[in-house]
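1. Kindly return the folded structure for what I paste below:
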Amino acid sequence: MEKSKLKTVFVCQNCGKESPKWQGRCPACEEWNCLVETTVTVTKNASGPRLDTSNVPQELLKIQKDSYTRTAFPIEELNRVLGGGLVAGSVVLISGDPGIGKSTLLLQISDAITRNKNGQVVYVSGEESSQQLKMRAERLGVSGGGLYIYAETNMENVMARLESMEPNLVVVDSVQTVYLEDMTGAPGSIGQIRECTLRLLRWAKKSGVPVFISGHVTKDGAIAGPKALEHIVDVVLYLEGESFNSYRILRSAKNRFGSTNEVGVFEMCGSGLVEVANPSQFFLESFVNGAIGAAVVPTLEGSRPLLVEIQALTSLAAYGPPRRISNGVDFNRLLLISAVLTRRAGVGLYNQDVIVNVTGGIKISEPAADLGIAMAIASSFRDARAISGTVSIGEIGLSGELRSVPQIERRISEAARLGFTRCIIPASSKKSFPGSSGVEIIRAGSIADALRSGLEKVSRKKEPEAEQDV
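-> Residues are numbered from 1 along each chain as shown. I've put the predicted structure just below:
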């Protein structure tokens, strides 16, 4: 005999921590004012737990491994991030800032399924009406044949509709808008989101139909509401980019069916997200060879080498203490490089404002870009320019030494493909690079050696003196 009773708990909307009483600050994630009162039903079986005979443990040796069938999209950048295509029965979470292009990408994915597989796609829209999606579809050139728009937020109605239609793909946009009537809490609360996602997951595994879910992110970049969603779903994708820039990067933070080291590069156009086949060329399209305060760095986005331009500007701090401003570069990394340049390379930045920017809206987090950042800062401070056709690779240590970074050969090959002829690398790197034909390899043991090898003074013509009246 089962007995049920109601119980009140306080659930953190940021991390999911449950507390028996309200607290101003969550003891787990230390966020303020995030505990919400939630009523849960506790069921107890007086006769003890019952054994489910329909599901029995299996010996790992005797389990048959089924080959996962993948559906390849005509969007190669998306296939790259997914690991070759979409696996049947998988649940994929796409998150990103509002207005970054999540709904646009999901609509393009739905159109690709209907065109290639001649199947049915159910697009559950909780944020936009059917008329709004129709307007976007016309702008993107989506015909709409086989694509069914279902404007509904009640999860019970959604599951009943999916059982009756048997689609080839399901899209839920977004998970923060759907809810279950038998659960307390507003749509978007951690309890509602978790239970709705679990129901979609169970249905996807049972039916073998893949499900795409979109989710918003907080100001810190985490998925809004529950971080637990990342543990429930099979694939977690982040769509990143700046609102003022047209480029978007699709990253994989979790992938049970492939690598998480791949990224896809897109450009937001009037017709939707267009894949960028050669992103290095796009990011360097406005690069001026020999410009003061600029350096080119071969960075890795996943396993793909990208050449990006780093710009720096130094100016005398006329008011107050000197400032450090970074855009696309980790701020603490900028402080480290500035201190090493001042202490170990004779670049006196103690009274200088230092501003560093990565063009194209790209964010660089790997230490391999340290030398390029230092070259750009020193170029601006000394009014010198990087020698024509030079790229810089290397991590900077606190003693001013240059440390080797992984996959240097791939970076050099990408630089050679785009016409660069000189590459400054750490002296501790391996001796030979078979793919570096046509590129002069310059080895530097310290940041001071790299600056001497990579910068040259700008020869300025002397201005003619003005004639004086006698």
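2. those helices in the stretch 301-450 of the chain, which residues are they?
-> Assigned by DSSP state H, counting those that start in this stretch, the stretch 301-450 of the chain shows helices spanning 331-344, 370-382, 408-417, 447-454.
3. Confidence-wise, which of these is weakest overall?
-> Least confidently modelled of the helices of the stretch 301-450 of the chain is helix 408-417, at a mean of 90 by mean pLDDT.
4. before we move on, the earlier item: pick the most buried one from the helices of the stretch 301-450 of the chain.
-> For the helices of the stretch 301-450 of the chain, the largest average neighbour count (mean count of other CB atoms under 10 Å) is found in helix 370-382, namely a mean of 26. Every C-beta, even on glycine, is put in place using the N, C-alpha and C of the backbone.
5. and residue 147, which of the helices of the stretch 301-450 of the chain is closest to it?
-> Closest approach to residue 147 among these is made by helix 408-417 (38.6 Å; CB to CB).
6. Can I get the closest one in CSV, CA atoms only?
-> Listed next in CSV are the C-alpha coordinates belonging to helix 408-417 (Å, rounded to 0.1, in the frame of the first residue of the first chain):
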residue,chain,number,x,y,z
ILE,A,408,52.9,23.5,-33.6
GLU,A,409,53.2,21.8,-36.9
ARG,A,410,49.5,22.2,-37.7
ARG,A,411,49.7,25.9,-36.8
ILE,A,412,52.7,26.4,-39.0
SER,A,413,51.1,24.6,-41.9
GLU,A,414,48.0,26.8,-41.7
ALA,A,415,50.2,29.9,-41.7
ALA,A,416,52.1,28.7,-44.7
ARG,A,417,48.8,28.0,-46.5
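7. one step back: among the helices of the stretch 301-450 of the chain, which comes closest to residue 266?
-> Evaluated with CB to CB, those place helix 408-417 nearest to residue 266, the distance being 19.5 Å.
8. re the thing from before, got the helices of the stretch 301-450 of the chain as TSV, with distance to residue 132 columns?
-> Shown next, in TSV, are the helices of the stretch 301-450 of the chain (distance: least, CB to CB, whole Å):
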stretch	distance to residue 132
helix 331-344	39
helix 370-382	43
helix 408-417	41
helix 447-454	53
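9. can you tell me which of the ones you listed comes nearest to residue 429?
-> Within those, the stretch nearest residue 429 is helix 408-417; the backing value is 5.6 Å (CB to CB).
10. What residues sit buried inside the strand ranked longest in the chain?
-> Secondary structure of the chain read by DSSP state E shows that its longest strand is strand 304-316. For strand 304-316, burial by neighbour count (16 or more other CB atoms under 10 Å) applies to 304-314.
11. Relative to residue 267, which of the residues you listed is nearest.
-> Once CB to CB is applied, the member of those that ends up nearest residue 267 is residue 306, at 14.2 Å.
12. pretty sure the closest one is in contact with residue 362, am I right?
-> Yes. Contact criterion CB atoms under 8 Å: residue 306 and residue 362 qualify, at 7.3 Å.
13. Tell me the residues that contact both of the two, please.
-> Common neighbours of residue 306 and residue 362, counting by CB atoms under 8 Å, 6 or more residues apart in numbering, are 283, 299.
14. Is residue 188 in a helix, a strand, or coil?
-> coil (DSSP: H, G, I helix; E, B strand; the rest coil).
15. Near it, how many residues? Count them for me, please.
-> Neighbour count for residue 188, taken as other CB atoms under 10 Å: 18.
16. ok, the helix or strand residue 267 falls within: who's next to it in the sheet?
-> Residue 267 is part of strand 263-269 when elements are defined by DSSP states H and E. Strand 263-269 sits in its sheet next to strand 247-255 (antiparallel), strand 272-275 (antiparallel), going by DSSP bridges.
17. Out of those, which gets nearest to residue 116?
-> strand 272-275 (16.0 Å).
18. And stretch 360-370, end to end?
-> 18 Å (CA to CA, to the nearest Å).
19. cool, and stretch 141-159?
-> By CA to CA, one end of stretch 141-159 lies 29 Å from the other end.
20. With only the CA atoms kept, save stretch 127-137 in CSV.
-> Provided in CSV are the C-alpha atoms of stretch 127-137 (Å, rounded to 0.1, in the frame of the first residue of the first chain):
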residue,chain,number,x,y,z
GLU,A,127,8.4,31.5,-27.2
GLU,A,128,7.1,32.4,-30.7
SER,A,129,3.7,32.1,-32.4
SER,A,130,3.2,30.1,-35.6
GLN,A,131,3.0,33.4,-37.5
GLN,A,132,6.3,34.6,-36.2
LEU,A,133,8.0,31.4,-37.2
LYS,A,134,6.4,31.6,-40.7
MET,A,135,7.9,35.1,-41.2
ARG,A,136,11.4,33.8,-40.2
ALA,A,137,11.0,30.8,-42.4
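21. for the one helix or strand residue 172 maps to, packing partners?
-> Secondary structure from DSSP H and E places residue 172 in strand 169-173. Under the contact criterion of 3 or more CB pairs under 8 Å, 6 or more residues apart in numbering; DSSP states H and E, strand 169-173 touches helix 102-117, strand 121-125, helix 190-207, strand 211-216.
22. For my notes, please list those in JSON lines and give mean neighbour count, mean pLDDT and distance to residue 290 for each entry.
-> Formatted as JSON lines, the entries for the helices and strands packed on strand 169-173 read as follows, by neighbours: other CB atoms under 10 Å; pLDDT from 0 to 100; distance: least, CB to CB, whole Å:
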{"stretch": "helix 102-117", "mean neighbour count": "21", "mean pLDDT": "89", "distance to residue 290": "39"}
{"stretch": "strand 121-125", "mean neighbour count": "24", "mean pLDDT": "94", "distance to residue 290": "51"}
{"stretch": "helix 190-207", "mean neighbour count": "19", "mean pLDDT": "89", "distance to residue 290": "53"}
{"stretch": "strand 211-216", "mean neighbour count": "24", "mean pLDDT": "90", "distance to residue 290": "44"}
